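1. Generate coordinates for the sequence data below:
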Amino acid sequence: MSVQPPPPFSSPPSSANARGAARAPASLSQTVDVETPELVVFSYTIAGVGSRALAAVIDSFVIIALIFSLLLTLAGFASTQAPTGPKPGVFDAWGLAIMAIAIFCVQWGYYIVFEGVFDGQTLGKRLLRLRVVRDGGYSVNFGASAIRNLVRFIDLQPFGTYGVGMLSVIFSKQGKRLGDIVAGTIVVREALVRQLAPPQSKEPTQATPALETLLTEDEYIVLERFIERRGALDQERRSALAAQLASRLASALPAGEPSFSGGSTDLARLVRLYDAERAARAHGAAARQQRGAARERNVLIA
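-> Numbering: from 1, shown residues only. Sure thing, here's the model as predicted:
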């Protein structure tokens, strides 16, 4: 995995190129390209310090609200269980311990649950279109999320200011804080890419007529044999057979033509019928009266 370097300096473009450059300005965002085993390259934009800090502030407010609700619940429960003496009893010590553990579970579990369930997004990251992914572009799992958030205690130093984490993001080539380095994760930014739709042709499109067959398989075989052997027959024999076939296949012959038994006319009509039947079968149309597997066979052969 490598980070794309910024484009080298080039000479000033011409007027046409300058207009194109104005429409598509060069981006200063830091990106990472990931190539999958299927040779498909995904390009991820690394989230900056500002967007990550704002997402952390939103998540902090959510955590504070959860902790405040939890403290009120524990305080109400402790007031009903505490002894009525003036001195603090053993229940007070247990209450403080339980309260400290609960606060830690909320702070740590909030990130793990949201990142594991919502595919690497907490509420703050979701609002700012950020996402945590593993190196290689894979979705983050509960194990990686647990590791990166355990190290968050170090990234929060000094005194909860995220100083260590911000320095690590700034000096890391892939924008990783210490938790990301240990867990093998990266925070990326999701952006909506708008593309112009291709211009629609104003020319009216002609509908392709549906192909269908008018002959049964046996009738088509007889017609095919006659068409293939017509060149080897003398004129009288060819005209007689053409008239017989035209009479037998009269319902399938092209409409709008006279049905008289002139040899040349019958032969031309039979040739057009054969061409239409062969084209329909070549495109998967089944013969007339075919059902089930016989119809599927024509499609597979086509």
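
2. Show the pLDDT at Cys186.
-> No, residue 186 isn't Cys; it's Ile. Per-residue confidence at Ile186 stands at 91 (pLDDT).

3. do the same with Leu249
-> Leu249 is assigned 81 on the pLDDT scale.

4. What residues does it make contact with?
-> For Leu249, the set of contacting residues under the criterion of Cβ atoms under 8 Å, 6 or more residues apart in numbering consists of 215, 219, 223, 270, 273. Every residue, glycine included, has its C-beta placed from N, CA and C.

5. From Val271, how far off is it?
-> Using Cβ to Cβ, to the nearest Å, we find Leu249 at a distance of 12 Å from Val271.

6. which of the residues in the longest helix belonging to the chain are buried?
-> Residue-count comparison of every helix in the chain, with assignments taken from DSSP state H, identifies helix 49-81 as the longest. Under the neighbour-count criterion of 16 or more other Cβ atoms under 10 Å, helix 49-81 has 51-52, 55-56, 58-59, 62-63, 66-67, 74, 78 buried.

7. How about stretch 163-174, which residues are buried there?
-> Residues of stretch 163-174 classed as buried under the neighbour-count rule (16+ other Cβ under 10 Å) are 164-166, 168-169, 174.

8. what's the answer for stretch 33-51, then?
-> Buried positions in stretch 33-51, judged by neighbour count with 16+ other Cβ under 10 Å: 34, 44, 46-48, 51.

9. can you give me the mean pLDDT across that stretch?
-> For stretch 33-51, mean pLDDT is 76.

10. do the same with stretch 60-71
-> The predicted model assigns stretch 60-71 a mean pLDDT of 90.

11. same check, this time on stretch 76-89
-> 60.

12. Over to stretch 214-230?
-> Per-residue scores along stretch 214-230 average to 83.

13. list the buried ones in it?
-> Across stretch 214-230, burial judged by 16+ other Cβ under 10 Å covers 214-215, 217, 219-220, 223, 226-227.

14. And the residue nearest to Lys176 when sequence neighbours are not counted, how close does it get to Val62?
-> Across the structure, with Cβ to Cβ, 6 or more residues apart in numbering as the measure, the residue nearest Lys176 apart from its sequence neighbours is Ile186 (6.1 Å). Distance of Ile186 to Val62, computed by Cβ to Cβ: 23 Å.

15. and Arg131, that's in a strand?
-> Yes - with the criterion set as DSSP: H, G, I helix; E, B strand; the rest coil, the secondary structure at Arg131 is a strand.
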